[in-house]
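Undergrad: how does the following fold in three dimensions:
(one chain, ligands or ions: 2)
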Amino acid sequence: MNIAFDNSYARLPPAFYQRQSPDPVGAPSLIVLNHELAAALGLDVEFLSSADGLNWLAGNRVLAGSEPLAMAYAGHQFGHFVPQLGDGRALLVGEVIDGNGQRRDLHMKGSGPTPFSRGGDGRASIGPVVREYLASEAMAALGVPTTRALAAVATGETVFRQQPEPGGILWRAAAGHVRVGTFEYFARRGQLEALRALADHVIARHYPDLAEADNPALALFDVVIDRTAALVAHWMSIGFIHGVMNTDNTSVAGETIDYGPFGFLDSFDPNTCYSSIDRHGRYAWQRQPTIAHWNLARLGECLLPLIDDDPQRALEHANSKLEAFPRRYQNHFNPRLTAKIGLDARTPEHIALALDLLERMHRQQADFTLTFRRLAELDPRSGRDDAAVRELFVDPDDFDAWAIEWRARLAVENRERNQFRAALQRVNPAFILRNHLAQRVADAAVERLDFEPLHTLLAVLARPYNDQPEHAELARPPRPEERVTETFCGT
Ligand code: AMP
Ligand code: MG
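TA: Ligands and ions are numbered 1, 2, ... in the order given. Below you'll find the model as predicted:
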């Protein structure tokens with residue numbers, strides 16, 4: 001089998017990575033292969049489905065042209081700088097150009113120890129592999145920029161976490177794997193030439209137009225600020241909580257990356273934070289824009305010497321970009337938010353109205369996803385039958401009071417009912433990867449090597465904006481006894 005690898009990262013100076021082959025595994029089997037993605041990447045699905053293909057996916061053979069390597073990076077974890085992280089259980093296997101001419105990384109997680117493993121085993125358990133697979137594909141179907149899941153493999157070996165668990169490998173495709181932490185790695189070491197090479201690489205790969213800018217490093221900072229603002233606004237609008245927004249988990253390509261203890265909102269509480277390792281709620285739902293801003297400040301610090309030789313001027317330039325983040329974030333978030341109630345963001349009252357609904361949802365523990373989804377079912381002109389939404393509120397009167405104001409605004413807009421319904425259904429998903437579902441699917445995989453629930457859920461989450469009445473069970477909020485209050489990094 002030939003894959004037309006073209007490995008631009010492997011052509012960067014040796015300080016950027018350590019070459020490393022995957023460690024073979026004993027008795028691999030394929031859990032799931034993403035046929036559609038494989039085809040889009042120009043990969044041969046037949047090969048990937050074959051015994052030879054499985055051996056490759058398991059890390060038991062390396063294909064010609066692949067130059068597997070572990071990327072070096074640093075990062076701020078929960079606010080504290082760690083000078084040396086890097087791919088400790090993952091490898092960049094190679095890069096391919098997809099059907100759209102886009103360069104994509106093929107990346108393998110759970111491939112065995114690397115020089116960056118820091119005492120870890122370099123492996124992954126099937127539970128987190130299944131969770132990342134589900135999350136990547138759910139997010140992609142929701143329209144959120146994200147790394148994609150290409151395949152999951154069971155290694156046939158055991159990994160030891162809290163208890164023995166079956167081992168797994170996740171293959172993902174990404175626009176790139178350069179993180180804010182990659183810049184920090186070189187900046188903190190004072191390796192200016194490497195830093196410059198990294199910035200050039202990122203510009204050439206992700207933002208080629210910027211090569212012609214007056215100040216490419218400043219332009220790079222600017223575009224990453226905008227992509228990150230857009231990404232986090234998107235997360236917020238669908239109730240996604242990343243869980244570990246450390247700078248090493250922040251891609252400069254504007255994609256969601258590194259799904260660990262992520263979660264989706266069920267009943268709305270802006271302080272929701274599921275991650276077991278996030279004791280103080282640093283990465284809670286409503287803190288995500290602030291944290292993104294903070295992470296971008298760390299990127300800005302790294303870029304200073306590339307922005308201007310004069311440190312004072314460099315700082316002024318960078319700050320002027322960074323200061324614009326909150327406004328940029330609002331510019332991305334507000335239209336997404338008001339669209340959820342069928343209005344536009346040009347009128348400040350519409351934004352206030354949407355925020356007011358969120359407050360009432362919080363007070364009344366209303367389900368985030370279903371409240372918005374069911375607004376589409378209501379008559380924009382009459383509140384006579386609002387039961388579908390009212391029943392989501394502990395005290396439905398709180399919704400009624402809001403709905404009066406809402407209908408008054410809708411009347412001004414004078415929207416036709418079918419058009420209104422379609423518009424709301426396009427932005428408010430019926431299906432999200434609810435935490436109890438992810439847990440149920442991961443448990444079946446870990447405990448029984450049963451991947452049937454995974455396949456069923458993947459198929460439903462591939463069409464999140466479609467009502468799928470036969471799968472109503474997968475749209476409903478968790479019952480009290482099903483509620484997941486904690487998610488784990490689970491490596
Ligand atoms: P993450 O939780 O994916 O953000 O990982 C943080 C750091 O820990 C990265 O440098 C990972 O490569 C490393 N790491 C996580 N799990 C393992 C593992 N099982 N073995 C070796 N390194 C790991
Ligand atoms: Mg990570």
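Undergrad: residue numbers of the stretch 251-400 of the chain in contact with ligand 1?
TA: 258, 260 (C-beta under 6 Å from any ligand atom). Just so you know, the C-beta spots here come from the backbone N, C-alpha and C atoms, and that holds for glycine as well.
Undergrad: please enumerate the helices of the stretch 251-400 of the chain.
TA: With DSSP state H, counting those that start in this stretch, the ranges of helices along the stretch 251-400 of the chain come out as 288-307, 311-322, 325-339, 348-363, 368-375, 387-390, 396-413.
Undergrad: winner for burial among these?
TA: Scoring those by mean neighbour count under mean count of other C-beta atoms under 10 Å gives helix 368-375 as the most buried, with a mean of 24.
Undergrad: what about it, average pLDDT?
TA: Helix 368-375 carries an average pLDDT of 98.
Undergrad: that helix - contacts with which helices or strands?
TA: helix 348-363, helix 387-390, helix 417-427 (3 or more C-beta pairs under 8 Å, 6 or more residues apart in numbering; DSSP states H and E).
Undergrad: contacting residues around the shortest one?
TA: Read that as helix 387-390. Contacts of helix 387-390 with the rest of the structure, by C-beta atoms under 8 Å, 6 or more residues apart in numbering, involve 371, 374-375, 377-378, 396, 399-400, 403.
Undergrad: again, only this time at 6 Å
TA: Helix 387-390 is contacted from outside by 374, 377, 396, 399, using C-beta atoms under 6 Å, 6 or more residues apart in numbering.
Undergrad: got the CA positions of that helix in CSV?
TA: C-alpha atoms of helix 387-390 as CSV (Å, rounded to 0.1, in the frame of the first residue of the first chain):
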residue,chain,number,x,y,z
ALA,A,387,-45.8,22.7,26.9
ALA,A,388,-42.7,21.2,25.1
VAL,A,389,-40.5,23.9,26.5
ARG,A,390,-42.4,24.7,29.7
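Undergrad: what is the distance between it and the centre of its chain?
TA: Here helix 387-390 is found 31 Å from its chain centre; the criterion is C-alpha atoms, centre = their mean, to the nearest Å.
Undergrad: swap in the longest one?
TA: Counting by C-alpha atoms, centre = their mean, helix 348-363 is centred 26 Å from the centre of its parent chain.
Undergrad: next: stretch 184-192.
TA: Taking mean C-alpha positions (C-alpha atoms, centre = their mean), stretch 184-192 and its chain are 27 Å apart.
Undergrad: quick one: contacts of that stretch?
TA: 72-74, 83, 194-195, 302, 305.
Undergrad: try 10 Å this time
TA: Identification of contacts with stretch 184-192 by C-beta atoms under 10 Å, 6 or more residues apart in numbering yields 13, 15-16, 71-76, 81-86, 179, 193-199, 247-248, 298-299, 301-306.
Undergrad: now a ChimeraX select for only the buried ones of these.
TA: Per 16 or more other C-beta atoms under 10 Å, the buried members of the contacts of stretch 184-192 correspond to this ChimeraX selection:
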select :16,71,72,73,74,75,76,82,85,86,179,194,195,197,198,199,247,248,298,299,301,302,303,304,305,306
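Undergrad: quick one: which of the contacts of stretch 184-192 sit in strands?
TA: Those of those mapping onto strands are 71, 75-76, 81-82, per DSSP state E.
Undergrad: in those, find the pair that's most separated.
TA: The span of the ones in strands among the contacts of stretch 184-192, defined through C-beta to C-beta, is set by Met71 and Phe81 at 18.1 Å.
Undergrad: circling back to that earlier point, need the helices of the stretch 251-400 of the chain in JSON lines (columns: distance to ligand 2).
TA: Listed next are the helices of the stretch 251-400 of the chain as JSON lines, based on distance: least, C-beta to the ion, whole Å:
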{"stretch": "helix 288-307", "distance to ligand 2": "13"}
{"stretch": "helix 311-322", "distance to ligand 2": "24"}
{"stretch": "helix 325-339", "distance to ligand 2": "23"}
{"stretch": "helix 348-363", "distance to ligand 2": "30"}
{"stretch": "helix 368-375", "distance to ligand 2": "26"}
{"stretch": "helix 387-390", "distance to ligand 2": "38"}
{"stretch": "helix 396-413", "distance to ligand 2": "40"}
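Undergrad: let's have those helices in TSV, adding distance to Arg476.
TA: What follows is the helices of the stretch 251-400 of the chain, written out as TSV (distance: least, C-beta to C-beta, whole Å):
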stretch	distance to Arg476
helix 288-307	26
helix 311-322	42
helix 325-339	24
helix 348-363	17
helix 368-375	8
helix 387-390	13
helix 396-413	18
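Undergrad: so which of the ones you listed is nearest Asp105?
TA: helix 288-307 (19.7 Å).
Undergrad: mind exporting the closest one as PDB, just the C-alpha atoms?
TA: Extracted in PDB, the C-alpha atoms of helix 288-307 (Å, rounded to 0.1, in the frame of the first residue of the first chain):
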ATOM      1  CA  GLN A 288     -13.600  29.400  28.600                       C
ATOM      2  CA  PRO A 289     -13.500  32.700  26.800                       C
ATOM      3  CA  THR A 290     -11.400  34.200  29.600                       C
ATOM      4  CA  ILE A 291      -9.100  31.300  29.500                       C
ATOM      5  CA  ALA A 292      -8.700  31.400  25.800                       C
ATOM      6  CA  HIS A 293      -7.700  35.100  26.200                       C
ATOM      7  CA  TRP A 294      -5.200  34.100  28.800                       C
ATOM      8  CA  ASN A 295      -3.700  31.400  26.600                       C
ATOM      9  CA  LEU A 296      -3.400  33.800  23.800                       C
ATOM     10  CA  ALA A 297      -1.500  36.200  26.000                       C
ATOM     11  CA  ARG A 298       1.000  33.400  26.500                       C
ATOM     12  CA  LEU A 299       1.300  33.000  22.700                       C
ATOM     13  CA  GLY A 300       1.700  36.800  22.400                       C
ATOM     14  CA  GLU A 301       4.600  36.700  24.900                       C
ATOM     15  CA  CYS A 302       6.400  34.100  22.800                       C
ATOM     16  CA  LEU A 303       6.000  36.100  19.600                       C
ATOM     17  CA  LEU A 304       7.300  39.400  21.000                       C
ATOM     18  CA  PRO A 305      10.900  39.000  19.700                       C
ATOM     19  CA  LEU A 306       9.500  38.200  16.200                       C
ATOM     20  CA  ILE A 307       7.100  41.200  16.200                       C
END
